[in-house]
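Asks: Everything below, folded, please.
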Amino acid sequence: MSLEQQLIEQLNQLEPSHLEVINESSGHGGYFPGKESHFKVVIVSEQFAGLRLVQRHQKVYAVAKELLSPGKIHALAIHAYIPSEWQGQAPASPECAHAPKS
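Replies: Purely as a prediction, here's the structure:
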C-alpha cells in the first residue's frame, strides 16, 4: 500500500467530513517518479472543535506518527479545520527552493 493510502487510512480515524491528501513530492529536490516524501493534508473534522491550531496539528501527528519516520514521510503540511471554518479551499503550497527545474 502506498504511503498516500496509508496516510488516508490513518487520518480517517479523525472522522473527517472532508479529507484531501496531496502528494507534493514532485515539487521538491531529489524527486523521482513514484517518490512519496512530501504531502499536504486538508482535513475538516468536528474532533478539532475547541482546539488551538497547534493542538489540531498534534492530533494529526498522533494518528500519522508511524508514517513520519526516516525513509517515509519527510514533510507534512497540515490544514486542519472544523466544519464552520471550512471555506472549501486551503492555501496553496509555496514552491520549494530545491524543486526540479523544467
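
Asks: where's residue 22 relative to residue 42, distance?
Replies: 8 Å (C-beta to C-beta, to the nearest Å). For glycine as for every other residue, the C-beta is placed from the backbone atoms N, C-alpha and C.

Asks: more neighbours, the two?
Replies: Comparing residue 22 with residue 42 by other C-beta atoms under 10 Å, the one with more neighbours is residue 42, at 20 against 14.

Asks: for the helix or strand encompassing the more buried one, packing partners?
Replies: Assignment of secondary structure by DSSP states H and E places residue 42 within strand 38-44. Helices and strands touching strand 38-44, by 3 or more C-beta pairs under 8 Å, 6 or more residues apart in numbering; DSSP states H and E, are helix 3-11, strand 18-23, strand 75-81.

Asks: Of all these, which one comes closest to residue 59?
Replies: Set against residue 59 and scored by C-beta to C-beta, the helices and strands packed on strand 38-44 come closest in strand 75-81, at 7.6 Å.

Asks: Return the list of helices and strands in contact with that closest one.
Replies: Using 3+ C-beta pairs under 8 Å, 6+ apart: strand 75-81 touches strand 38-44, helix 53-64.

Asks: From residue 91, how far out is the closest residue to residue 1 other than its chain neighbours?
Replies: Spatial nearest neighbour of residue 1, excluding adjacent residues (C-beta to C-beta, 6 or more residues apart in numbering): residue 9 at 7.8 Å. Using C-beta to C-beta, residue 9 is found at 25 Å from residue 91.

Asks: same deal with residue 39?
Replies: On the measure of C-beta to C-beta, residue 39 and residue 91 end up 15 Å apart.

Asks: quick one, phi psi at residue 74?
Replies: Main-chain torsions, residue 74, degrees, to the nearest 10: phi -90, psi -40.

Asks: List the residues that contact residue 76.
Replies: Counting by C-beta atoms under 8 Å, 6 or more residues apart in numbering, residue 76 touches 38, 39, 40, 41, 60, 61, 64, 68.
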